[in-house]
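Trainee: Just the structure for this:
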Amino acid sequence: MIITVTPSPAIDWTINVDSFEFAAVNRVASKSREASGKGINVSVALHRNGVPTVAVLPVGGETGRFMVEDLRAQGVTIIPVESPCEVRTNITLIVPGQTGTKINEPGEPLEPAVMESLRSACEDALLAPDAASQGGPVMLAICGSLPPGTPDWFHPDLIEVGRQAGALVIVDASGEVLRRAIPEKPDLIKPNVHELAEETGRRIDTLGDVADAAQELRRRGAGAVLASLGGDGMMLIDADGAIHGKAAGITVVNTVGAGDAALAGYLAGLDQRLDRAACLASALTYASSAVGYGTTLFDVDPLIAERVTVTDTFDPGYILSEPAAPATRASTSPAPK
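Mentor: Numbers count the residues shown, from 1 in each chain. From the prediction side, this is the model:
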């Protein structure tokens, strides 16, 4: 069972246009609106592909009701936590020949009582009788940004809740949220190459640089690092070393949500108790399927799995197509406990 918690969910409003010009009238070719947010995207992808999951999220107002109705219509099991705040809306503009352009609305501050309820809902889901009866390991994935004013204890406390329940704990976040989470020793974090550079203060130009930066985060407390590298694939760095995977010949419609799909694929592999290489291949298969759909509502394409390769003999000097500049200053994360 994979339990996701999304403290700052969103409604994704995707607009497709045939062309776009600033300071001009642009016609909408098609549009869609769907429940979203990093953990929700993970749960939707898992559910659509037959993996047991529960999504925990705060909901309020008309937008909150839409979230609940949309997810339940899809058959996703959810634990909605009542909040006085409306759910934010994010806009994705898709223009042919370009990657999706995102305009994200900030979340509203959540009252302390709502944060406590989110914590309790996660604990209840982890300890539910059916959580451990699905065959795979129980997992808690803490995903996405935090609403403004969220107390510092939230991520560390959730990690401890997962640990006490005997679950694997995954954190998919960035910036200060990731920085606070790493010393609490989550089993897995999932940064992209830019987040790796920001957190370590390193310039990342090659696959070897990715592996070195990830090992630094492991020394600080992360059990394993699943690094998204865009068109250069993904790397998994854990106690057994580093492996690299890539999918060939993929048609990209929209990259928005690809990272969430990758995490869903990796967790689906863990749920099936696959080995580390097969889990990385699953992550790449999910992500590559998602970018071809151009939406978070995708089905895994079995033909894509045949285009995925994973190896532990990659060239550390391989130069990334999108290198990441170092952060302005190195992280000041506390030493691991």
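Trainee: for the stretch 51-200 of the chain, which spans come out with low pLDDT?
Mentor: 133-134 (pLDDT under 70).
Trainee: Strands along that one, start to end?
Mentor: When secondary structure is read from DSSP state E, counting those that start in this stretch, the stretch 51-200 of the chain shows strands at 53-59, 77-82, 88-94, 101-104, 139-143, 168-172, 188-189.
Trainee: I'd like those strands as JSON lines, with mean neighbour count and distance to residue 220 appended.
Mentor: (Glycine included, C-beta is placed from N, CA and C.) Shown next, in JSON lines, are the strands of the stretch 51-200 of the chain (neighbours: other CB atoms under 10 Å; distance: least, CB to CB, whole Å):
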{"stretch": "strand 53-59", "mean neighbour count": "27", "distance to residue 220": "27"}
{"stretch": "strand 77-82", "mean neighbour count": "18", "distance to residue 220": "31"}
{"stretch": "strand 88-94", "mean neighbour count": "18", "distance to residue 220": "31"}
{"stretch": "strand 101-104", "mean neighbour count": "12", "distance to residue 220": "28"}
{"stretch": "strand 139-143", "mean neighbour count": "27", "distance to residue 220": "17"}
{"stretch": "strand 168-172", "mean neighbour count": "25", "distance to residue 220": "13"}
{"stretch": "strand 188-189", "mean neighbour count": "24", "distance to residue 220": "10"}
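Trainee: quick one: contacts for residue 10?
Mentor: Applying CB atoms under 8 Å, 6 or more residues apart in numbering to residue 10 gives the contacts 36-37, 87-90, 104-105, 107.
Trainee: Ok, residue 150 next?
Mentor: The neighbourhood of residue 150, defined by CB under 8 Å, 6+ apart, consists of 7, 109-110, 115.
Trainee: about what we covered before: format the strands of the stretch 51-200 of the chain as TSV; extra columns: distance to residue 231.
Mentor: Putting the strands of the stretch 51-200 of the chain into TSV (distance: least, CB to CB, whole Å) gives the following:
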stretch	distance to residue 231
strand 53-59	28
strand 77-82	33
strand 88-94	18
strand 101-104	18
strand 139-143	23
strand 168-172	20
strand 188-189	21
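Trainee: among those strands, which is nearest residue 31?
Mentor: Closest approach to residue 31 among these (CB to CB): strand 88-94, 9.9 Å.
Trainee: Pull up the pairing partners for that closest one, direction included.
Mentor: strand 10-17 (parallel), strand 101-104 (antiparallel) (DSSP bridges).
Trainee: quick one: secondary structure of residue 287?
Mentor: In terms of secondary structure, residue 287 is helix; the call rests on DSSP: H, G, I helix; E, B strand; the rest coil.
Trainee: From residue 280, how far off is it?
Mentor: Between residue 287 and residue 280 the computed distance is 11 Å (CB to CB, to the nearest Å).
Trainee: who has more neighbours, these two?
Mentor: Summary of the neighbour comparison: residue 287 and residue 280, criterion other CB atoms under 10 Å, with residue 287 having more neighbours (30 against 26).
Trainee: and the more buried one, what does it touch?
Mentor: Contact partners of residue 287, counting by CB under 8 Å, 6+ apart, are 228, 234, 247, 258-259, 261-262, 265.
Trainee: Throw the residues you listed into JSON lines and include neighbour count and secondary structure, thanks.
Mentor: Shown next, in JSON lines, are the contacts of residue 287 (neighbours: other CB atoms under 10 Å; DSSP: H, G, I helix; E, B strand; the rest coil):
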{"residue": "228", "neighbour count": "23", "secondary structure": "strand"}
{"residue": "234", "neighbour count": "28", "secondary structure": "strand"}
{"residue": "247", "neighbour count": "21", "secondary structure": "strand"}
{"residue": "258", "neighbour count": "24", "secondary structure": "helix"}
{"residue": "259", "neighbour count": "24", "secondary structure": "helix"}
{"residue": "261", "neighbour count": "28", "secondary structure": "helix"}
{"residue": "262", "neighbour count": "28", "secondary structure": "helix"}
{"residue": "265", "neighbour count": "28", "secondary structure": "helix"}
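Trainee: which one of those residues sits closest to residue 78?
Mentor: Proximity of these to residue 78 (CB to CB) peaks at residue 261, which lies at 19.0 Å.
Trainee: separation between the closest one and residue 282?
Mentor: Residue 261 sits 11 Å away from residue 282, taking CB to CB as the criterion.
Trainee: if we can go back for a sec, want to throw the contacts of residue 10 into a markdown table with distance to residue 172?
Mentor: Rendered in a markdown table, the data for the contacts of residue 10 read as follows (distance: CB to CB, whole Å):
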| residue | distance to residue 172 |
| --- | --- |
| 36 | 14 |
| 37 | 11 |
| 87 | 19 |
| 88 | 18 |
| 89 | 21 |
| 90 | 16 |
| 104 | 16 |
| 105 | 20 |
| 107 | 16 |
